[in-house]
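S.K.: what's the 3D shape of this:
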Amino acid sequence: MGLVNTKIRLCNPRLPELEPVAVEALADTGAVHLCIPLHIQIQLRLEEIDKKVDVEVTLADGSRTLVPYVGPITLCYKNRVGFAGALVMGDQALLGAIPMEDMDLVVVPKTREVMVNPDNPNIASSVAKTATGILVAAKTSANQRKGALKNRYFHQSSDSKLLIVERHCR
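M.R.: Okay, the predicted model is just below:
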């Protein structure tokens, strides 16, 4: 298929007086989040969501690393607007599946372009369903990960699948 890049505008909704930043982003449907390089975070004056909490990400090579999570950030593409947080990492903006779904964008492999979903050209469409389940939190020891306090949140959905979300505190 090859790489698909697209131009998006990013802005800080908390500081509307700042100029938006136009970036060439790699559109990656296999990635989950919006990722931005440090210089974009600085330019938009995006604050870490929680200075004590980083997000553990698994990289393509299987290694894990802690990265800052910043926001909120506004994404603009053609007639679509989305709001997200962003992982600060890498040297190029990366547009993952969540922000693309949020703005109802599709990647066209044949032409290697990102476009507004042709089924919904005028307004973004999404599917929202309610989930029922139980949420429990379990804390493990602070020594487990080089001094990081590991919080695990377990959510059991109605179809008995167990989802685990991890956040790390410094």
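S.K.: now Val81, nearest residue through space, not along the chain?
M.R.: Among residues not flanking Val81 along the chain, Thr74 sits closest, at 6.4 Å (C-beta to C-beta, 6 or more residues apart in numbering). All C-beta spots, glycine's among them, are computed from the backbone N, C-alpha and C.
S.K.: sec struct for the one you found, please.
M.R.: Three-state assignment for Thr74 (DSSP: H, G, I helix; E, B strand; the rest coil): strand.
S.K.: CA-only coordinates of stretch 67-74 in PDB, if you can.
M.R.: Provided in PDB are the C-alpha atoms of stretch 67-74 (Å, rounded to 0.1, in the frame of the first residue of the first chain):
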ATOM      1  CA  VAL A  67       5.600   9.100  26.900                       C
ATOM      2  CA  PRO A  68       3.800  12.300  27.900                       C
ATOM      3  CA  TYR A  69       0.100  12.600  27.100                       C
ATOM      4  CA  VAL A  70      -0.900  16.300  26.300                       C
ATOM      5  CA  GLY A  71      -4.000  18.100  25.400                       C
ATOM      6  CA  PRO A  72      -6.600  19.000  24.600                       C
ATOM      7  CA  ILE A  73      -5.900  19.500  20.900                       C
ATOM      8  CA  THR A  74      -8.200  20.400  18.100                       C
END
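S.K.: now do the helices in the protein.
M.R.: Here the chain has its helices, by DSSP state H, at 38-44, 97-102.
S.K.: report the contact partners of the residue nearest to Val81.
M.R.: Residues in contact with Thr74 (C-beta atoms under 8 Å, 6 or more residues apart in numbering) are 10-13, 81-83.
S.K.: Throw the residues you listed into CSV and include neighbour count, thanks.
M.R.: Output for these, formatted as CSV (neighbours: other C-beta atoms under 10 Å):
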residue, neighbour count
Leu10, 22
Cys11, 19
Asn12, 21
Pro13, 12
Val81, 14
Gly82, 21
Phe83, 13
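S.K.: check contacts around Cys85.
M.R.: Quick fix: residue 85 is Gly, not Cys. Applying C-beta under 8 Å, 6+ apart, the residues near Gly85 are 33-34, 49, 69-73.
S.K.: out of the residues you listed, which is most surrounded?
M.R.: Leu34 (25 neighbours; other C-beta atoms under 10 Å).
S.K.: alright, I will stop here.
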